[in-house]
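Participant: pasted the sequence and its predicted model underneath.
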Amino acid sequence: KAGVTQTPRYLIKTRGQQVTLSCSPISGHRSVSWYQQTPGQGLQFLFEYFSETQRNKGNFPGRFSGRQFSNSRSEMNVSTLELGDSALYLCASSPGQGVSAGYGYTFGSGTRLTVV
Amino acid sequence: QKEVEQNSGPLSVPEGAIASLNCTYSDRGSQSFFWYRQYSGKSPELIMSIYSNGDKEDGRFTAQLNKASQYVSLLIRDSQPSDSATYLCAVMGGQNFVFGPGTRLSVLP
């Protein structure tokens, strides 16, 4: 079966711009989580969506936002980009939420965002 | 703040040896524990999960969990150069999935 699909794979943006990243979960998975990964900070949790509702949020500024559609696909948006936003953005999908989210928690290939 | 800690490494072992990776966590309410492997430039992939105290074996991999001491470890037997990667420990308690910073493993031919 198809895995978690993230688009685009690579993106170069200028400071001050905004960007939208997309994540299509594994068919049947209803939970989508987003992470930022940088060499210095590791995997940092951004937010989790389940049934079109944000269930959890990490410690990121309001410039980072997301949403989930009725087909479970999710998008995340970063406004007013800063140089420090350059990172690999990963999404992960799972069948359920909470404790059950650990079962089958699968990552996409990520979107490499570079802000110049 | 729920924390998961790992030695950043790099941990270097010769080919054929046992690699031992350790992880400690702070939230006593944590219920599920996972090990992910991440090759350079790739996304993390799940290699082991463990939920009960004791050992769980899967091929060359053994996960060990001790909830009283709040640590989980991963042993890789007969290490191969292809095992060279960063290993991420992940802990789930309640609603959140928390990742450790990862340990970089290098298996030397």
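Facilitator: Looks like it arrived, so ask away. Numbering: from 1, shown residues only, chains lettered A, B, ... in the order given.
Participant: residue B:96 and chain A: what is the separation?
Facilitator: Note on residue B:96: its distance to chain A, by CB to the nearest CB, to the nearest Å, is 6 Å. C-beta here means a position set from N, CA and C on the backbone, and glycine is covered the same way.
Participant: what score does that residue have for pLDDT?
Facilitator: pLDDT recorded at residue B:96 is 71.
Participant: burial count for the closest residue to residue B:7 other than its chain neighbours?
Facilitator: Leaving aside its chain neighbours, residue B:7 sits nearest to residue B:103 (5.5 Å; criterion: CB to CB, 6 or more residues apart in numbering or on different chains). Counted with other CB atoms under 10 Å in any protein chain shown, residues neighbouring residue B:103 total 22.
Participant: quick check: residue B:103 touching residue B:86?
Facilitator: Yes: between residue B:103 and residue B:86 there is a contact at 6.8 Å, judged by CB atoms under 8 Å.
Participant: give me every residue that touches the residue minimising distance to the centre of chain A.
Facilitator: By CA atoms, centre = their mean, the mean C-alpha position of chain A lies nearest to residue A:34, the distance being 2.9 Å. Neighbouring residues of residue A:34 by CB atoms under 8 Å, 6 or more residues apart in numbering or on different chains: A:23, A:45-48, A:66, A:74, A:76, A:89-91.
Participant: tell me what the residue nearest to residue B:7 is bridged to.
Facilitator: Under the criterion DSSP bridges, residue B:103 forms beta bridges with residue B:87.
Participant: where does pLDDT dip in chain B?
Facilitator: B:1-2, B:94-95 (pLDDT under 70).
Participant: the contacts of residue A:34: which ones sit near chain B?
Facilitator: With CB under 8 Å from any CB of the partner chain as the criterion, those include A:45, A:48, A:90 near chain B.
Participant: residues in chain B within reach of chain A, list them.
Facilitator: B:31-32, B:34, B:42-46, B:49, B:88, B:90, B:92, B:94-102.
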